[in-house]
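Trainee: Predicted model and sequence below, questions to follow.
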Amino acid sequence: MNADLSPYTAVLVTSYGGPNEPDDVLPFMRNATAGRGIPDERLLEVSEHYMMFGGRSPINELNARLLDHVRAELDRRGLDVPVVIGNRNWLPYNAETVGQLAADGHRRVVGMATSAYGSYSGCRQYREDMQAAEASTDGVVSIDKITPYSDRDGFVNANARSLVAAVRDLRGRIGDDALRVLFVTHSIPISMNATSGIVRGTYETQHLRVATRVAAIASAELGETLEWELTYCSRSGPPHVPWLEPDINDRMAEVKEEGIAGVVAAPIGFLNDHMEVLYDLDTEARATARELELPFQRAATVNDDPEFHALLVDLLLERAAAARGELDDVTCAAQTCPVDCCKAPPRHTRPPASTPTAEGATV
Ligand SMILES: CC1=C(CCC(=O)O)c2cc3nc(cc4[nH]c(cc5[nH]c(cc1n2)c(C)c5CCC(=O)O)c(CCC(=O)O)c4C)C(CCC(=O)O)=C3C
Ligand SMILES: [Fe+2]
């Protein structure tokens, strides 16, 4: 790929954000749940997860590390552009970061999210936040976001490498006994799954495709056919709203009954060891495993994998080539999300704010 990022002069990485200290936790939680029908008990419960780790999520420093990796890869290709972070739910917010880009004279920016899959939460909501940030500059800055990248080799290979290492570690403990790979990702409401991925299939389908490929590559590398399934973590929302299942904890209990001697949890849904990984997998799922006396190994996330960093830079360059009109139609189409992709599911839709008219009616 041609090392030319024009017409873009800066890279915006957008992420979820997380609290840096105890006083941040509640306001962060309010941002994360604003208008989403998450019960207060869940809000308090999840706040406790953060408090267990000193009121601080590792996400911000892990993202900073990812930005360093991306800068280093751009540098290797002779590209010198600012790479900046903006978050949806915590400081620095996208609007602040993009405001600074505007002040620094940037007009066209290429954006990426720290989420590899298409869904409202993982893609469109980041796009909406980027659009709000553009608007806050009065449209001086325009941001083009790369599309979800879970199908790309760099992401799949990085996950396969982690899985191979984790299986080898677990084999060291359980020998040749039956082993099960539990791929794991963030659960989302069934309604959100249904509206995700016009081009690439539902959120669940996207994960199944990655899991299939990762398992095949790792199996070939290990010389054993890995048995695997897709599980979920971090379910929230009211109990009567259905979310994707099964939960990884429930499956661990069941596979133990089936005679499985050890599980590898492979978090293909996450890019780094933020709170979902640190609490939901490394704390909660590990505790479940201990209770079940089921040997448990967690595979690494892709954050520090050089092939993953190379992929990210390839994607930015591809987006730039598409913006310059240098990619053919088919490839260009893949660079832009269709208008209706990953729409907010019904429960996210709020009535438009009504505006009083001169006559006192509302429109
Ligand atoms: C698909 C997906 C990803 C992966 C893609 C991506 O990375 O974007 C993700 C990542 C993350 N989710 C995170 C944190 C939270 N997610 C919540 C709530 C929710 N997540 C959802 C989905 C996702 N979430 C959904 C459908 C909800 C329900 C409310 C809503 O419809 O939006 C809540 C509220 C409390 C609760 O209900 O659990 C919190 C605090 C953090 C930060 C971790 C840290 O601080 O280290 C990260 C990276
Ligand atoms: Fe989440």
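Mentor: Thanks, I have the structure now. Ligands and ions are numbered 1, 2, ... in the order given.

Trainee: mean confidence score for stretch 142-150?
Mentor: Average pLDDT, stretch 142-150: 95.

Trainee: gap between the two ends of it?
Mentor: Start and end residues of stretch 142-150 are separated by 25 Å (CA to CA, to the nearest Å).

Trainee: from the middle of its chain, how far away would that stretch be?
Mentor: 13 Å (CA atoms, centre = their mean, to the nearest Å).

Trainee: again with stretch 286-303
Mentor: Centroid displacement of stretch 286-303 relative to its chain, using CA atoms, centre = their mean, is 20 Å.

Trainee: Just the buried positions in that stretch, please.
Mentor: For stretch 286-303, burial by neighbour count (16 or more other CB atoms under 10 Å) applies to 288-289, 292, 294-303. In this view, the C-beta of every residue, glycine as well, is placed from N, C-alpha and C.

Trainee: same thing with stretch 186-200?
Mentor: In stretch 186-200, counting by 16+ other CB under 10 Å, buried: 186-189, 191-193, 195-197, 200.

Trainee: re earlier: any idea which of the buried residues of stretch 286-303 is the one closest to ligand 1?
Mentor: For the buried residues of stretch 286-303, the residue nearest ligand 1 by CB to the nearest ligand atom is residue 301; the value is 10.9 Å.

Trainee: Wait, that closest one touches residue 271, no?
Mentor: Yes. If you go by CB atoms under 8 Å, residue 301 and residue 271 touch, sitting 5.9 Å apart.

Trainee: Residue 218 is in what secondary structure piece?
Mentor: Element membership for residue 218 (DSSP states H and E) is helix 203-222.

Trainee: In strands, which of the buried residues of stretch 286-303 appear?
Mentor: Those of the buried residues of stretch 286-303 mapping onto strands are 296-298, per DSSP state E.

Trainee: Output those as JSON lines; include the columns pLDDT.
Mentor: Formatted as JSON lines, these follow (pLDDT from 0 to 100):
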{"residue": "296", "pLDDT": "98"}
{"residue": "297", "pLDDT": "98"}
{"residue": "298", "pLDDT": "98"}
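
Trainee: Low-confidence stretches in the stretch 1-150 of the chain?
Mentor: Low-confidence segments of the stretch 1-150 of the chain, defined by pLDDT under 70: 1.

Trainee: In contact with the residue positioned nearest the centre of the chain: list those residues for me.
Mentor: Central residue of the chain (CA atoms, centre = their mean): residue 115, 2.6 Å from the mean position. When contacts are counted by CB atoms under 8 Å, 6 or more residues apart in numbering, residue 115 touches 121-123, 126, 148, 271.

Trainee: quick check, distance from the helix holding residue 218 to the centre of its chain.
Mentor: Chain-centre distance of helix 203-222: 17 Å, with CA atoms, centre = their mean.

Trainee: got it, and stretch 189-202?
Mentor: In terms of CA atoms, centre = their mean, the centre of stretch 189-202 is found 15 Å from the chain centre.

Trainee: could you dump that stretch to CSV, C-alpha only?
Mentor: What follows is stretch 189-202 as a C-alpha-only set of coordinates in CSV (Å, rounded to 0.1, in the frame of the first residue of the first chain):
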residue,chain,number,x,y,z
PRO,A,189,-29.1,-7.0,23.1
ILE,A,190,-30.6,-9.4,20.6
SER,A,191,-32.3,-6.3,19.0
MET,A,192,-28.9,-4.7,18.5
ASN,A,193,-27.5,-7.8,17.0
ALA,A,194,-30.4,-7.9,14.5
THR,A,195,-29.7,-4.3,13.3
SER,A,196,-25.9,-4.8,13.0
GLY,A,197,-23.9,-5.4,9.9
ILE,A,198,-25.8,-4.8,6.7
VAL,A,199,-22.7,-5.6,4.7
ARG,A,200,-20.9,-8.1,6.9
GLY,A,201,-23.6,-10.0,8.7
THR,A,202,-24.8,-9.7,12.3
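
Trainee: what does that stretch contact?
Mentor: Applying CB under 8 Å, 6+ apart, the contact partners of stretch 189-202 are 118-121, 123, 147-148, 151, 188, 203-206, 209, 237, 241-244, 334, 337-338, 340-348.

Trainee: rerun that using 7 Å as the cut-off
Mentor: 118-121, 148, 151, 203-206, 237, 241-244, 338, 340-343, 345-347 (CB atoms under 7 Å, 6 or more residues apart in numbering).

Trainee: So for stretch 85-97, could I get the coordinates as PDB, restricted to C-alpha?
Mentor: Listed next in PDB are the C-alpha coordinates belonging to stretch 85-97 (Å, rounded to 0.1, in the frame of the first residue of the first chain):
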ATOM      1  CA  ILE A  85      -7.300  10.000  21.000                       C
ATOM      2  CA  GLY A  86     -10.900  11.000  21.700                       C
ATOM      3  CA  ASN A  87     -13.400   9.100  23.800                       C
ATOM      4  CA  ARG A  88     -17.100   8.600  23.800                       C
ATOM      5  CA  ASN A  89     -17.600   8.400  27.600                       C
ATOM      6  CA  TRP A  90     -14.600  10.000  29.300                       C
ATOM      7  CA  LEU A  91     -11.800  12.600  28.900                       C
ATOM      8  CA  PRO A  92     -10.600  13.500  26.500                       C
ATOM      9  CA  TYR A  93     -13.900  13.500  24.700                       C
ATOM     10  CA  ASN A  94     -14.000  13.400  20.900                       C
ATOM     11  CA  ALA A  95     -15.300  16.900  20.800                       C
ATOM     12  CA  GLU A  96     -12.300  18.300  22.800                       C
ATOM     13  CA  THR A  97      -9.800  16.400  20.700                       C
END
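
Trainee: Next, the buried residues of it.
Mentor: Within stretch 85-97, the residues that count as buried by 16+ other CB under 10 Å are 85-90, 92-95, 97.

Trainee: Likewise for stretch 145-164?
Mentor: Buried, per 16+ other CB under 10 Å, within stretch 145-164: 145-152, 154-164.
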